[in-house]
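Colleague: sequence? don't have it. structure:
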């Protein structure tokens, strides 16, 4: 795209290996020098890096649209470049249509709904730790996969497929396009899983149970039942949100705690610190690094001339390190409060699953600290997500610890 009349133009690509090597420094350079800037990568897009710019754009859905459109190619509208995924409702809708569907989703993700889910989360967490606790060594990512199975179980999908759901969605947002794993996810896993999801939706229409898909097939919009396209779009979004972000956060928090044993011991000695600690981990690690919008009309934003159809990247992670809002933003303070982080987004599109994500994160970290308090990470064998433009985290965390006893006698590890 022609960069004339853009201001300023920078050399930046949040999908590059250079960026993935140190995303914090990469965003800091933009934030401290330009704040808002244009890059020619992926056909061209704006980067919003400071808190004020991100906050303003995220709350202006009339100018910065989340809707799927022709600009930037085909695929999921909220990432750059677009990913070839099914339409997602309601994240790819703008008000007022957005609110019709968000009204359906809110009751199943509200604090009261999460309260009813706690036993499910606790059981899967205990069961996954049980699967490794007697060995004294494991890859901690095998335990951190709990959010994937919780999401699949909660929705009412086949638990036997949870690993496949997890792998496919991980590749979509954190894999390297063109790699063998990425192609397998797109060409094999997603078509298979899509068929399985549609089968489940049809089955629940005929015989509802007590799962989330059964709830959704009974909902209406504009005075009519949700159709199959809408059902799939909502379920696939709930699945995508559930299998990735919490695992990303917990993986980074556990590695950091292994590097900072004094803070780990404080959390072990005083579990009441965990709520604020999780909020600080959300700010500091920002599991969803950034999401995209599309400019709907020619506008002047922060003194930069944006044109209709321009793609815009809103960096939650960079906003969360803004020195103007956060004192010592590059340090973790587990007692930081208040904590106005943007990890769950801002505005009407703020993550509906934030309450569940918080509880799963707290439960995973707390149970690992309780049952594996002396875990040690082999830092030389850590493996990061290969692509950290959207989701950031560790995909391999070899660890050793003092073996312990199982706590469940009736849990099946799928």
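Modeller: All right, it came through fine. As the structure is a computational prediction, the values presented were derived from the model and not from experiment.
Colleague: Packing partners of the lowest-mean-pLDDT helix or strand in the chain?
Modeller: Sorting the helices and strands of the chain by mean pLDDT, DSSP states H and E puts helix 162-174 at the bottom, at a mean of 88. Packing partners of helix 162-174 (3 or more Cβ pairs under 8 Å, 6 or more residues apart in numbering; DSSP states H and E): helix 146-155, helix 180-184, helix 190-206, helix 228-259. C-beta coordinates here come from the backbone N, C-alpha and C atoms, glycine included.
Colleague: so which of those gets nearest residue 413?
Modeller: Closest to residue 413 of the helices and strands packed on helix 162-174 is helix 146-155 (Cβ to Cβ; 9.2 Å).
Colleague: Where does the prediction get shaky in the stretch 251-400 of the chain?
Modeller: Along the stretch 251-400 of the chain, segments meeting pLDDT under 70 span 389.
Colleague: So which residues of it form strands?
Modeller: 290-295, 299-301, 304-306, 311-315, 376-377, 383-384, 394-396, 398-400 (DSSP state E, counting those that start in this stretch).
Colleague: Likewise for the stretch 1-150 of the chain?
Modeller: Counting by DSSP E, counting those that start in this stretch, the strands of the stretch 1-150 of the chain are 9-10, 36-39, 45-48, 64-65, 137-139.
Colleague: Can you tell me which of the ones you listed is most buried?
Modeller: Mean neighbour count (mean count of other Cβ atoms under 10 Å) peaks for strand 45-48 among the strands of the stretch 1-150 of the chain, with a mean of 26.
Colleague: helices or strands up against that one?
Modeller: Using 3+ Cβ pairs under 8 Å, 6+ apart, strand 45-48 sits against strand 36-39, strand 311-315.
Colleague: which secondary structure elements does the longest one contact?
Modeller: By that I understand strand 311-315. Counting by 3+ Cβ pairs under 8 Å, 6+ apart, strand 311-315 packs on strand 45-48, helix 51-58, strand 290-295.
Colleague: Can you list the strands that the shortest one pairs with?
Modeller: When pairing is defined by DSSP bridges, strand 45-48 lines up against strand 36-39 (antiparallel), strand 311-315 (parallel).
Colleague: Distance from the chain centre to it, please.
Modeller: Chain-centre distance of strand 45-48: 20 Å, with Cα atoms, centre = their mean, to the nearest Å.
Colleague: What of the second one?
Modeller: Distance, stretch centre to chain centre, for helix 51-58: 19 Å (Cα atoms, centre = their mean).
Colleague: neighbouring contacts of that helix?
Modeller: The contact list for helix 51-58, computed with Cβ atoms under 8 Å, 6 or more residues apart in numbering, reads 35-36, 48, 63-64, 293, 301-302, 312, 314-316, 318-320, 322, 324-325, 342, 345-347, 349.
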